[in-house]
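Trainee: Sharing a model prediction with you, sequence too.
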Amino acid sequence: MKDTNFPGVLVANCKAENAWQGTAQHFALPTDDPLALHKFQLIEGGPPSYNNLRDGNGAMQTVRRIAAVFGVNTDRVPYIAVGVKHEDPCGGAVDFDNPCTAIEKMVIGDRLAIFGGIICTNFPIGTQEAKTLLFYATGENAKGNPIRRLIDVIMAPSFSQEAIELLKRKKGRCKLLINKVLARLNQDSVDKEITVRSVCGGYLQQENASLILDLEHEKLKKNDQTLTPQQKIDLLLAWAVCATSRSNTITLALDSMIIGNGSGGKSRVAMTENAIKLARDSGHPVAGAVAVSDSFFPYPDGPQRLIDANVAIIFTTFGSAKDKTVKETILNAGVILWWGPDSLFRIFKH
């Protein structure tokens with residue numbers, strides 16, 4: 001591979017994104033961030049690949065964002081479990097009492113996508129947590145034995161020895177990474193490092209997207225100030241997942257879990273339809289859900305799809321030429337609308 005002038009210390013060589021690309025490298029930059037990827041310890045499995053590291057970073061960033069938004073808006077951070085495929089969350093859930101409940105809701109968020117995915121939690125993985133990750137809602141084979149869920153990477157504060165034995169796969173295909181700081185996430189845990197993206201002939205850099213939603217922000221407008229405790233949890237969870245997914249994103253949450261995450265599409269209405277379809281394909285009801293959009297709806301077609309699916313709350317921004325029509329469409333349907341200026345609340349991720 002041709003040498004580059006990018007700074008950093010070589011951490012490891014790893015499999016590239018595609019086999020024909022040869023070998024990739026993981027470099028570390030000077031940082032005080034205790035959750036920098038090179039500060040995770042591999043305790044089981046083969047070396048993480050380029051894809052593993054990208055996806056693992058995405059999962060970890062989503063967990064951090066969930067912890068931060070709950071830290072800002074509630075009195076404590078819940079147990080958090082997030083599943084990622086191709087850097088975007090395909091499952092996410094929280095529970096204030098039982099980590100296994102968070103895992104259960106996370107893995108059924110998108111039953112197909114989580115296969116071969118990356119999982120990150122803010123709690124230790126013991127025997128029961130490992131069994132839940134592997135076998136919850138997987139069904140049985142022809143011999144009546146539970147089908148094993150295949151997972152490529154799991155990131156957690158720690159693993160018990162029995163959990164390691166349960167989770168390991170042949171040829172080291174399940175990588176277990178630990179960082180004790182994951183157990184201490186709070187409102188200050190969001191990544192604030194400068195982000196760098198390579199482009200042809202150079203690179204781009206900018207301040208990280210470290211915005212954390214404050215439901216008491218004076219610029220937020222609401223046609224209904226009242227949220228039930230469950231709706232508040234669902235709104236915070238959906239917002240954090242939406243904020244760490246590729247635009248254009250529409251995220252649906254219900255009962256403390258992500259039921260549909262339409263992301264990375266070319267139009268907002270298409271991702272609205274995608275989020276609803278993903279939820280229904282996984283057997284989740286959409287009625288009563290919270291929907292979060294990472295930016296404004298340019299037309300009322302997206303909100304109308306959500307209204308037709310009977311969502312209870314829509315969180316979005318305003319700044320479109322069609323704001324008045326969008327707002328009227330939502331309010332006339334009796335849906336709760338929370339929105340703020342796009343310049344303050346947009347959460348694009350390209």
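Mentor: Cool, got the structure. Predicted, not measured: the structure shown is a model, and the values here were computed from it.
Trainee: Apart from its neighbours in sequence, what residue is nearest residue 235?
Mentor: Excluding its sequence neighbours, the residue lying closest to residue 235 (C-beta to C-beta, 6 or more residues apart in numbering) is residue 290, at 4.9 Å. Just so you know, the C-beta spots here come from the backbone N, C-alpha and C atoms, and that holds for glycine as well.
Trainee: Can you get me a residue count around the one you found?
Mentor: Neighbourhood size, residue 290 [other C-beta atoms under 10 Å]: 27.
Trainee: How about the one 3 residues further on?
Mentor: By other C-beta under 10 Å, the residues close to residue 293 number 28.
Trainee: Contact partners for the closest residue in space to it that isn't next to it in sequence?
Mentor: Leaving out its chain neighbours, the residue that sits closest to residue 293 by C-beta to C-beta, 6+ apart is residue 316, at 4.2 Å. Neighbouring residues of residue 316 by C-beta atoms under 8 Å, 6 or more residues apart in numbering: 292, 293, 295, 296, 297, 303, 326, 337, 338, 339.
Trainee: What average pLDDT does the helix or strand where residue 130 lies get?
Mentor: Using DSSP states H and E, the element containing residue 130 is helix 127-135. For helix 127-135, the mean pLDDT works out to 97.
Trainee: Which other helices and strands does it contact?
Mentor: Under the contact definition 3 or more C-beta pairs under 8 Å, 6 or more residues apart in numbering; DSSP states H and E, helix 127-135 sits against helix 99-107, strand 151-156, helix 161-167.
Trainee: mind putting these in a markdown table, mean neighbour count and mean pLDDT included?
Mentor: Output for the helices and strands packed on helix 127-135, formatted as a markdown table (neighbours: other C-beta atoms under 10 Å; pLDDT from 0 to 100):
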| stretch | mean neighbour count | mean pLDDT |
| --- | --- | --- |
| helix 99-107 | 23 | 98 |
| strand 151-156 | 25 | 97 |
| helix 161-167 | 17 | 98 |
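Trainee: With residue 58 as the reference, name the closest of these.
Mentor: Distance to residue 58, taken as C-beta to C-beta, is lowest for strand 151-156 among the helices and strands packed on helix 127-135, at 10.8 Å.
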